[in-house]
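1. coordinates only, sequence not included:
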C-alpha cells in the first residue's frame, strides 16, 4: 500500500520530514560487548554507574606539602616534616600534630591533613619547611567530589568518544555493551556512471556518490556495503532492491528519484513495499525520498553529488543515528552574523556552502561562490552550511544559522 502524500506540488518542510523519519526509525541493532579499545565511536547500549567514588580517596592536586591549615599562623610558619607520600603510595600513618608531609600530585592525603601548599610557595629549610597560610581544602581533591559511588556516569545512547573511554578506564571498566554497527547497503544508479580508474565512454561521468556517501557513513561508525551501480532499468532496480532488503538493515540509493522517465527507483520501491515521503522544500536536494522494502527502510538520495551528500548529512543522518541507538541526533546550529546579502527569498530552505571569517564586529559567515548541486569543490572549500529559511531575505549583519561540517561528521 502506498499512502505517500507526494504530489508534484507538495514539498515537505525539512524539519517535518526529519521528524517523520525519526518516528519511523527502526529499533537499534543487537547488543554486543566489546573491549574499550574497540569501542571508539560506538553507541552505548546500557547506562553505566560508578563502581566506586571519584576520586576514590582524598588526594593532592599539586606537588607540595600536606598539613592541617589551622596549625599555621596567619603570617605562615615553619613545620617539621614527617615523611613523604608519592603517587601510588598508601598513606598508612596519620599526620602527626604540628607537622607537614611532602606529597605529590595524586597521592592520598594522610589522615588528619586537610590542605596542600604547592611546592612553589614553600621554602625548604634545615629543620623543616616554611609554608604560607592556607585554607582547609586548598589543592585537595575530595573523595567523591566528582561523582559518588553508584552515580550514573554515562547514559545509554551516548556516543563513546576519547573522554568517555578514559572515564570508563579510570573506573576499572574494561568492556562495554554497545549496539553493533548499523549495516547500510549503498547503491548508485544511472547508465552514465563509471568507476574511477576506468575509461570513460562518451556521455559517462565518474561515480562520486558511492565514495563520498560511504565515507560519511563510515565516519558515523556504520558498516557500509558497496552494492555497486544500477543501470536505468526498472527490472534491475526491483531485483537489486529486493535482494538488498534481505541482507542489510537500511538501503541507501543515490539518483533515480527525480521526475525523469529513467528514474525507476520510486516505482520499484512502490512495487516492493511503500513510498512514505518524496520531495522536500530544500535546496539542494529536493528529490529526497523515503520508504520501505518489506520491513527494510530505504532512503533515496538525489543523484547530483552535492545534493546527495548534503541530504545524507542533514536529512538522513538523524534517522540513521537514531536507528543506530544514538540519543542525540540533531546537529547544533550556531547563530552567526551574515557577511552577505540574500535579497530574493525562496520557497525552499537553502543550505549554502560557506565558511566563517573573523571581523572586528565578530564572526561572519561567507558563502562559497559555487553553489551548484553538482559542484563538490564548493563543499571542499567550505567549513559548513549557512541555513536560510524558506521565504526569508537576508542583509549583511543579520543573524543566520551556521552548521559546521565537523558537527555533521560525528
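-> Arrived safely. Quick caveat: nothing in here was measured; it's all calculated off a predicted structure. Numbering: from 1, shown residues only.
2. What residues does residue 188 make contact with?
-> Neighbour list for residue 188: 207, 209-210, 228-230, 253-255 [criterion: C-beta atoms under 8 Å, 6 or more residues apart in numbering]. Where you see a C-beta, it was placed from the backbone N, CA and C, and this is true even at glycine.
3. Wait, a strand at it?
-> Yes. Counting by DSSP: H, G, I helix; E, B strand; the rest coil, residue 188 is found in a strand.
4. Need the single longest helix in the protein, by residues.
-> helix 234-247 (DSSP state H).
5. contact partners of the one helix or strand residue 218 maps to?
-> Per DSSP states H and E: residue 218 is located in helix 209-219. When contacts are defined by C-beta under 8 Å, 6+ apart, helix 209-219 is touched by residues 184, 186, 188, 196, 224, 226, 229, 252, 254-255, 301, 303, 305, 308-309, 312-313, 320, 376, 409-410.
6. thinking again about what came up before, filter the contacts of residue 188 down to just the buried residues.
-> Buried members of those, counted by 16 or more other C-beta atoms under 10 Å: 207, 209-210, 229-230, 253-255.
7. Please produce TSV containing those, extended by pLDDT, distance to residue 117 and secondary structure.
-> Listed next are the buried ones among the contacts of residue 188 as TSV, based on pLDDT from 0 to 100; distance: C-beta to C-beta, whole Å; DSSP: H, G, I helix; E, B strand; the rest coil:
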residue	pLDDT	distance to residue 117	secondary structure
207	92	67	coil
209	95	63	helix
210	94	63	helix
229	89	70	strand
230	86	72	strand
253	95	67	strand
254	93	65	strand
255	89	69	coil
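8. if we take those, which one ends up nearest to residue 37?
-> residue 210 (30.3 Å; C-beta to C-beta).
9. Give me the distance between the closest one and residue 181.
-> 19 Å (C-beta to C-beta, to the nearest Å).
10. which other helices and strands contact the longest helix of the chain?
-> Packing partners of helix 234-247 (3 or more C-beta pairs under 8 Å, 6 or more residues apart in numbering; DSSP states H and E): strand 183-189, strand 223-230, strand 250-254, helix 265-272, strand 289-293, strand 296-301.
11. Can you say which of these is packed in most?
-> Ranked by mean neighbour count, the helices and strands packed on helix 234-247 are led by strand 250-254 with a mean of 27 (mean count of other C-beta atoms under 10 Å).
12. Need the contact partners of stretch 42-53.
-> The contact list for stretch 42-53 (C-beta under 8 Å, 6+ apart) reads 28, 31, 34, 143-144, 147-160, 164, 168, 171-173, 176-179, 181, 221, 324-326.
13. Filter those residues down to the buried ones.
-> Buried among these by 16+ other C-beta under 10 Å: 28, 143-144, 147, 153-154, 156-160, 164, 168, 171, 173, 176-179, 181, 221, 324-326.
14. gap between the strand ranked longest in the chain and the chain center?
-> Counting by DSSP state E, the longest strand found in the chain is strand 349-359. How far strand 349-359 lies from its chain's middle: 20 Å, per C-alpha atoms, centre = their mean, to the nearest Å.
15. And that strand, what's buried?
-> Applying 16+ other C-beta under 10 Å to strand 349-359 flags 349-356 as buried.
16. Then stretch 316-331?
-> Buried, per 16+ other C-beta under 10 Å, within stretch 316-331: 316-326, 329, 331.
17. before we move on, back to that, can you add distance to residue 100 and give the helices and strands packed on helix 234-247 back as CSV?
-> Converted to CSV, the helices and strands packed on helix 234-247 look like this (distance: least, C-beta to C-beta, whole Å):
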stretch, distance to residue 100
strand 183-189, 61
strand 223-230, 58
strand 250-254, 64
helix 265-272, 76
strand 289-293, 69
strand 296-301, 66
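18. between the ones you listed, which gets the lowest average pLDDT?
-> Of all those, the segment with the smallest mean pLDDT is helix 265-272, scoring a mean of 88.
19. Return the member of the buried residues of strand 349-359 nearest to residue 14.
-> Nearest member of those to residue 14, counting by C-beta to C-beta, is residue 349, at 5.3 Å.
20. so residue 392 makes contact with residue 343?
-> No. The criterion here is C-beta atoms under 8 Å, and residue 392 misses it with residue 343 at 10.9 Å.
21. quick one: which of those two has more around it?
-> Using other C-beta atoms under 10 Å, the more surrounded residue of residue 392 and residue 343 is residue 392, with 14 against 7.
22. Please name the nearest non-neighbouring residue to the more buried one.
-> The shortest distance from residue 392 to any non-neighbouring residue, by C-beta to C-beta, 6 or more residues apart in numbering, is to residue 345 (5.6 Å).
23. Now do the SS call for the one you found.
-> coil.
24. Run through the residues that contact it.
-> 390-393.
25. now swap in residue 40 and tell me
-> Counting by C-beta under 8 Å, 6+ apart, residue 40 touches 160-162, 165.
26. now, the most widely separated pair of those?
-> 160 and 162 (8.7 Å).
27. Show the model's pLDDT score for residue 258.
-> Taking residue 258 on its own, its pLDDT is 67.
28. cool, and residue 263?
-> Confidence for residue 263, expressed as pLDDT, is 64.
29. Likewise for residue 5?
-> At residue 5, the model reports a pLDDT of 45.
30. same deal with residue 375?
-> Residue 375 is given a pLDDT of 91.
31. one step back: please work out the angle formed by the directions of the helix or strand following the longest strand of the chain and strand 349-359.
-> Beyond strand 349-359 on the C-terminal side, the first helix or strand identified by DSSP H and E is strand 362-367. Computed by axes from the mean of the first three to the mean of the last three C-alpha atoms, to 10 degrees, the angle separating strand 362-367 from strand 349-359 equals 140 degrees.
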